[in-house]
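Colleague: next come a sequence and a model predicted from it.
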Amino acid sequence: MVRAVSTRSTAQLTAIIDSVPIAIVMVDAQGHIELVNAQAERLFGYASTELHGEMIDVLVPDRFRSGHSESRAGFNRNPKARPMGAGRELFGLRKDGTEIPIEIGLSPITTEQGLFVVSAIVDISERKRLEARFRATVESAPAAMLMIDGVGSIVLVNSEVERLFGYDREELLGQKVEVLIPERFRSGHPGLRTRYFASPVARRLGVGRDLFGLRKDGSEIPIEIGLNPVKTDVELFVLSAIVDISERKRQAEALERSNMELQRFAYVASHDLQTPMRSIASFVELLQSSYADKLDAQANDWLRRTVDSIGHLRTLVRDLLEYSRVDSQPHPFQRVSTREVFDRAVSLLDASVRESQANVTCGELPAVMGERSQLVRLMQNLIGNALKYRGKNSPRIHVSAERRGSEWIFAVRDNGIGIAQKHHEKIFEIFQRLHDQQEYPGTGIGLAVCRRVVQRHGGRIWVESEPGRGSVFYFTIAEGTVSAQ
Ligand code: ADP
């Protein structure tokens, strides 16, 4: 409803309209410009006097003009406040001929002089610039990126998405994101989506569980997804980064397969290889003991070498079997006194302790949660190595433990030949040895077993050593729920 206003209040009204930070243009029912505020003057580059009485079409780019008079007529037939050109991009034409992207809100005003239409015009160049920058960033991302709106329609994809899913982007834009989800997960997805939109936070999906994407050709790809809410003034979107993890999965499966093969080999080694090996050994030993005097020196030498090699082979098979059994035959953890573990390991090594006249001692050792037989094997391997890799002096070996934070750090210290820095990592790998059989016999499996045992107990193992200055092998074991002895 329009009320008569005094001249003074018209001036006030004009001042108010000029101070509004939005461009305002009012036209009459025929489209003649009646009023232009200061923002509109600035936006279109005209003085209001230049526009007054002109057709609104002067502010509309040529290519939209014919459509514009039709829309105007349509609005006049059904005049109510609404945004203009919903879903279409709108542009204004400036006096200098340049165009500006705009958004327009229309409001009808009915007066005694007839219908007027007020347009509130917002310059969205800055928003468009930011949008373009956002699109460019998404496009150049090395991962597949896809954005959906609140109803799950795809509004943006980059070329990585096209490559990964095998679609052209035109085929995806406007589609529901569910087209990229395998049938069996599809029905549950809109619910998950709605819940996410209700409380959107950046998060990763697919860690620890299997997610799959559906390609255009019907094949599936294992994926991981990162979700990020993107809020604009008017709407909430979700931008997802999608990573194809097929290769990672393939590698994990190959690793799993080769582990299984190793375990199968260990089984074969224990049941099928050991028996014939034992009989070969005993026949060759029989040959040696019963026919030594009937054979010449050359044949006896060959026999002796054969016996040595069979001995080495048996050790190798036994060690390998033990290595594969660390993980394949796990027993539940229990409270284990590491002092008892130490005593047991030393008694198993009794022969070489005596032979080398070693002095093997220990400090106060705690109780831990673990698997006793494996911890004995760990200690036996470390003390055994300390005895084997001794220097000129008789071995002095000391085992100690120290609590640090929530774990125990064990140390096995020796005064042996030591190890050069460059080998400190390598020696824990299977079959890695630094000496030949003649110098120091061995299979290169002992420390690999140690590392497996420690890892199974949630700890780490490492060495500090220098050639000629002895070695200290450290390993950690979580404190567990029991206290020290
Ligand atoms: P093996 O003793 O059968 O060769 P290990 O895996 O137990 O296999 O050890 C790997 C290598 O690490 C050994 O060949 C040896 O060179 C080195 N090593 C291990 N323990 C010691 C030690 N206490 N002092 C010096 N060198 C060691």
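Modeller: That came in fine, so what should we check first? Numbering: from 1, shown residues only.

Colleague: and the longest helix belonging to the chain, what other elements does it pack with?
Modeller: Using DSSP state H, we find that the single longest helix of the chain is helix 297-328. With contacts taken as 3 or more C-beta pairs under 8 Å, 6 or more residues apart in numbering; DSSP states H and E, helix 297-328 sits against helix 246-268, helix 274-291, helix 446-456. Every C-beta, even on glycine, is put in place using the N, C-alpha and C of the backbone.

Colleague: helix/strand/coil for Arg209?
Modeller: When classified by DSSP: H, G, I helix; E, B strand; the rest coil, Arg209 comes out as coil.

Colleague: out of the helices and strands packed on helix 297-328, nearest to the ligand?
Modeller: helix 446-456 (2.7 Å; C-beta to the nearest ligand atom).

Colleague: now the closest one: mean pLDDT?
Modeller: If you average the pLDDT over helix 446-456, you get 94.

Colleague: ok, then the element right after it?
Modeller: strand 461-465 (DSSP states H and E).

Colleague: check which helices and strands that next one is in contact with.
Modeller: Counting by 3+ C-beta pairs under 8 Å, 6+ apart, strand 461-465 packs on helix 446-456, strand 471-478.

Colleague: quick one: those as JSON lines, columns for distance to Val161 and mean neighbour count too.
Modeller: Below are the helices and strands packed on strand 461-465 laid out as JSON lines (distance: least, C-beta to C-beta, whole Å; neighbours: other C-beta atoms under 10 Å):
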{"stretch": "helix 446-456", "distance to Val161": "39", "mean neighbour count": "22"}
{"stretch": "strand 471-478", "distance to Val161": "44", "mean neighbour count": "21"}
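
Colleague: ok, which of these comes nearest Gln421?
Modeller: Of all the helices and strands packed on strand 461-465, strand 471-478 sits nearest to Gln421, with 11.5 Å by C-beta to C-beta.

Colleague: returning to that earlier point: highest mean neighbour count out of the helices and strands packed on helix 297-328?
Modeller: The highest average neighbour count among those, using mean count of other C-beta atoms under 10 Å, belongs to helix 446-456 at a mean of 22.

Colleague: what bits of the stretch 51-200 of the chain have low per-residue confidence?
Modeller: 85-87 (pLDDT under 70).

Colleague: for the ligand, what's the nearest residue on it?
Modeller: The stretch 51-200 of the chain approaches the ligand most closely through Pro142 (41.2 Å), counting by C-beta to the nearest ligand atom.

Colleague: grab the nearest non-local neighbour of that residue.
Modeller: Among residues not flanking Pro142 along the chain, Glu160 sits closest, at 7.2 Å (C-beta to C-beta, 6 or more residues apart in numbering).

Colleague: likewise for Trp462?
Modeller: Tyr474 (5.6 Å).

Colleague: go ahead and confirm the one you found touches Glu407.
Modeller: No: with contact defined as C-beta atoms under 8 Å, Tyr474 does not count as touching Glu407 (11.2 Å).

Colleague: pull out the buried positions in stretch 168-187.
Modeller: Going by neighbour count (16 or more other C-beta atoms under 10 Å), the buried part of stretch 168-187 is 172, 176-178, 180-182.

Colleague: out of those residues, which are inside helices?
Modeller: Reading helices off those with DSSP H, I get Leu172.

Colleague: export the buried residues of stretch 168-187 to CSV and tack on distance to Ser246?
Modeller: CSV is the format used below for those (distance: C-beta to C-beta, whole Å):
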residue, distance to Ser246
Leu172, 21
Lys176, 25
Val177, 20
Glu178, 21
Leu180, 15
Ile181, 17
Pro182, 15
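
Colleague: returning to what we had before: wait, is the residue of the stretch 51-200 of the chain closest to the ligand part of a strand?
Modeller: No: counting by three-state DSSP, Pro142 is not part of a strand but coil.

Colleague: quick one on the thing from earlier: how near is the residue nearest to Trp462 to Leu90?
Modeller: Using C-beta to C-beta, to the nearest Å, Tyr474 is found at 71 Å from Leu90.

Colleague: over to Met55?
Modeller: In terms of C-beta to C-beta, Met55 sits 17 Å off from Leu90.

Colleague: do the helix or strand hosting Trp408 and the ligand meet at all?
Modeller: Assessed by DSSP H and E, Trp408 sits inside strand 407-413. No: using C-beta under 6 Å from any ligand atom, strand 407-413 stays clear of the ligand, coming no nearer than 7.8 Å.

Colleague: Lys294: which of the helices and strands packed on strand 461-465 is closest?
Modeller: That would be, of those and by C-beta to C-beta, helix 446-456, which comes in at 39.9 Å.

Colleague: export the closest one as PDB, just CAs?
Modeller: Below are the C-alpha coordinates for helix 446-456, written out as PDB (Å, rounded to 0.1, in the frame of the first residue of the first chain):
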ATOM      1  CA  GLY A 446      68.300 -65.600  14.600                       C
ATOM      2  CA  LEU A 447      67.900 -61.800  14.800                       C
ATOM      3  CA  ALA A 448      64.900 -61.900  12.300                       C
ATOM      4  CA  VAL A 449      63.200 -64.300  14.800                       C
ATOM      5  CA  CYS A 450      64.100 -61.800  17.600                       C
ATOM      6  CA  ARG A 451      62.500 -59.000  15.700                       C
ATOM      7  CA  ARG A 452      59.400 -60.900  15.000                       C
ATOM      8  CA  VAL A 453      59.000 -61.900  18.700                       C
ATOM      9  CA  VAL A 454      59.500 -58.400  19.800                       C
ATOM     10  CA  GLN A 455      57.100 -57.000  17.300                       C
ATOM     11  CA  ARG A 456      54.500 -59.600  18.400                       C
END
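
Colleague: these two touch, right, Glu235 and Asp149?
Modeller: Yes: counting by C-beta under 8 Å, Glu235 touches Asp149, with 6.4 Å between them.

Colleague: show me which of those two is the more surrounded one.
Modeller: Using other C-beta atoms under 10 Å as the criterion, Glu235 and Asp149 rank with Asp149 on top: 15 against 10.

Colleague: bridge partners for Glu99, pull those for me.
Modeller: With DSSP bridges as the criterion, Glu99 is bridged to Leu93.

Colleague: any idea how many residues pack against it?
Modeller: Other residues within reach of Glu99, judged by other C-beta under 10 Å, total 14.

Colleague: where along the stretch 101-250 of the chain do the helices fall?
Modeller: For the stretch 101-250 of the chain, the helices defined by DSSP state H, counting those that start in this stretch occupy 125-140, 159-165, 169-172, 183-186, 189-198, 246-268.

Colleague: distance to the ligand added to those, as TSV?
Modeller: As requested, those are arranged in TSV below (distance: least, C-beta to the nearest ligand atom, whole Å):
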stretch	distance to the ligand
helix 125-140	49
helix 159-165	44
helix 169-172	55
helix 183-186	48
helix 189-198	50
helix 246-268	17
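
Colleague: make CSV from the ones you listed and add distance to Gln288 to it.
Modeller: Shown next, in CSV, are the helices of the stretch 101-250 of the chain (distance: least, C-beta to C-beta, whole Å):
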stretch, distance to Gln288
helix 125-140, 75
helix 159-165, 67
helix 169-172, 78
helix 183-186, 68
helix 189-198, 74
helix 246-268, 28
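
Colleague: mind checking which of these is nearest Arg460?
Modeller: For the helices of the stretch 101-250 of the chain, proximity to Arg460 was assessed by C-beta to C-beta; helix 246-268 is nearest, at 20.7 Å.
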